[in-house]
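Visitor: just to be clear, the model below is a prediction. Sequence and coordinates:
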Amino acid sequence: MAKSGAGHRPIAPGATLGILGGGQLGRMMAVAAAALGLKTHIFCPDADCPAFDVAAARTVAAYEDEDALSAFAAAVDVCTYEFENVPGRTAEILADRVTLRPNAQALATAQDRLIEKQFVTGLGIATAPFRAVDSEHDLAAALEELGAPAILKTRRFGYDGKGQVRIQPGDRPGEAYAHLGGAPAILEGLVRYSQEISVLAARGPDGAFAAYEPCHNEHRDGILAVTRVPADVPAALEQQAVEAARAIADALDYVGVIAVEMFVVEGGVAVNEIAPRVHNSGHWTIEGAETSQFEQHVRAVCGWPLGATGRRGRVEMRNLIGSEIDTWPAVLAEPGAHLHHYGKLRARPGRKMGHVTRVWT
Ligand code: AMP
């Protein structure tokens, strides 16, 4: 049976936090955990992953390796993850053996764009108009209903704009469908938005909730480029955005930091995506907020009091993507600029290599 509540071992400084996934999010989470007196044990199939540099223990194994997962679960006091594509069976194996936070339902909901949108609209929260697409015929019918332009997205495994294709008026549905290789998909109507924002929030096992104020996000080539806070949205819209994140977290009985990406549309917000984890658009909180999203996540999954979420000034976070990481000496030389280098060995185009945060108080 899945463990819930306080788990089978008390979480106190000195305990071990298990993290599934070893990318930069796991790395920054491990650093935050260390500051609170915890040890981390990272499970990642890639022996070169950025998080291993800063963790007390590591397991290099496939996410399907049941023996390795069992040994990992036995070695940690509470388990979390830094990416949402954790296979369902992996989550099940872990949840049977150790407290897994956020829970498997949060994962299952956020992993599938159709389930996610049905869940969000079921809470009375707006999303882009959408239709399930399992065949070329479905796509033609969905286009008939929603009209073009529209976006065809795979239901699963999409990130940073991958696994999606825009359909313009006059485009042939067959070509768009073939582009996604026949994977189960959804068609989304194109949202006319003025701004993209996200709400980072945390929920504890007792239902405690704390949100950061919404941040404004700009993407380049489908990848987050810049986050700015404040987002300069009206107070009523900010309240609506935070309430939407809270309703989502409550409905999932969520524990940890959650990121909800939204479009600002006429009359309010429309939810685009839920990330059941710390998020790139929350990196500004490391220097820009009273408590970083990584510390907040650690506090939540350990069942500790949530930290204050106040902002320390006007904040800008810029990703250093691909060869942009080569600017690190200039960033270091700039007074007040905070460099984060993820320690990745190779700077491939489109790869997130680091970020820089500037705070104006
Ligand atoms: P996603 O992978 O769903 O986060 O989409 C990546 C980016 O594509 C978003 O950040 C938006 O800039 C844009 N986008 C996605 N879906 C829509 C939509 N339904 N309408 C307008 N723009 C969209």
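Guide: Perfect, thanks for sending it.
Visitor: C-alpha from now on. contacts and neighbour counts both.
Guide: Noted.
Visitor: helix or strand with the lowest mean pLDDT in this protein?
Guide: helix 173-179 (a mean of 88; mean pLDDT, DSSP states H and E).
Visitor: check which helices and strands that helix sits against.
Guide: helix 136-146, strand 164-167 (3 or more Cα pairs under 8 Å, 6 or more residues apart in numbering; DSSP states H and E).
Visitor: can you tell which of the ones you listed is closest to residue 67?
Guide: Distance to residue 67, taken as Cα to Cα, is lowest for strand 164-167 among the helices and strands packed on helix 173-179, at 35.5 Å.
Visitor: following the helix or strand encompassing residue 219, which helix or strand comes up?
Guide: Applying DSSP states H and E as the criterion places residue 219 in strand 215-220. Heading C-terminal from strand 215-220, the first helix or strand you meet, by DSSP H and E, is strand 223-229.
Visitor: would you mind pulling the contact partners of that following strand?
Guide: The set of residues external to strand 223-229 that reach it, using Cα atoms under 8 Å, 6 or more residues apart in numbering, is 160-161, 213-219, 280-281, 284, 314-319, 350.
Visitor: just the buried ones from the residues you listed, in ChimeraX syntax?
Guide: Restricted to buried positions by 16 or more other Cα atoms under 10 Å, the ChimeraX selection for those reads:
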select :213,214,215,216,217,218,280,281,284,315,316,317,318,319
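Visitor: now the helices for the stretch 251-361 of the chain?
Guide: Under the criterion DSSP state H, counting those that start in this stretch, the stretch 251-361 of the chain contains helices at 285-288, 293-301, 328-333.
Visitor: out of the ones you listed, which comes closest to residue 250?
Guide: helix 293-301 (13.9 Å).
Visitor: run through the neighbouring helices and strands of that closest one.
Guide: helix 24-35, strand 195-203, strand 256-265, helix 285-288.
Visitor: rewinding a little: okay, the helices of the stretch 251-361 of the chain, which one's buried deepest?
Guide: Neighbour counts (mean count of other Cα atoms under 10 Å) averaged over each of these peak at helix 293-301, with a mean of 27.
Visitor: chain center to that helix, what's the gap?
Guide: 14 Å (Cα atoms, centre = their mean, to the nearest Å).
Visitor: one more: stretch 198-209?
Guide: 14 Å.
Visitor: and the ligand, is that stretch touching that?
Guide: No. Residues of stretch 198-209 are not located near the ligand by Cα under 6 Å from any ligand atom, the shortest gap being 10.1 Å.
Visitor: send the alpha carbons of that stretch over as CSV?
Guide: Taking Å, rounded to 0.1, in the frame of the first residue of the first chain, the C-alpha atoms of stretch 198-209 are listed here in CSV:
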residue,chain,number,x,y,z
SER,A,198,3.5,31.3,-14.0
VAL,A,199,2.5,30.9,-10.4
LEU,A,200,5.0,29.0,-8.2
ALA,A,201,3.4,27.8,-5.0
ALA,A,202,3.9,25.2,-2.2
ARG,A,203,1.6,23.0,-0.3
GLY,A,204,2.5,21.1,2.8
PRO,A,205,1.1,17.7,4.0
ASP,A,206,-1.3,19.6,6.4
GLY,A,207,-2.7,21.7,3.6
ALA,A,208,-0.6,24.8,4.3
PHE,A,209,-0.3,26.9,1.2
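Visitor: pull out the buried positions in that stretch.
Guide: Buried, per 16+ other Cα under 10 Å, within stretch 198-209: 198, 199, 200, 201, 202, 203, 204, 205, 209.
Visitor: okay, strands next: where are they in the stretch 251-361 of the chain?
Guide: 256-265, 268-275, 314-321, 337-341, 352-360 (DSSP state E, counting those that start in this stretch).
Visitor: just name the most buried of the ones you listed.
Guide: For the strands of the stretch 251-361 of the chain, the highest mean count by mean count of other Cα under 10 Å goes to strand 256-265, at a mean of 25.
Visitor: could you give the mean pLDDT of it?
Guide: In this model, strand 256-265 carries a mean pLDDT of 98.
Visitor: partners of that strand in the sheet?
Guide: Using DSSP bridges, strand 256-265 pairs in its sheet with strand 195-203 (antiparallel), strand 268-275 (antiparallel).
Visitor: show me what it is in contact with.
Guide: With Cα under 8 Å, 6+ apart, strand 256-265 has contacts from 101-102, 191-204, 241, 245, 249, 269-279, 293, 296-301.
Visitor: pLDDT score assigned to residue 3?
Guide: Taking residue 3 on its own, its pLDDT is 45.
Visitor: with residue 223 instead?
Guide: At residue 223, pLDDT is 94.
Visitor: ok, residue 345 next?
Guide: 88.
Visitor: and if you look at residue 161?
Guide: 65.
Visitor: for residue 9, same thing?
Guide: 70.
Visitor: that one: how many residues sit nearby?
Guide: 12 (other Cα atoms under 10 Å).
Visitor: now swap in residue 322 and tell me
Guide: 16.
Visitor: and if you look at residue 164?
Guide: 21.
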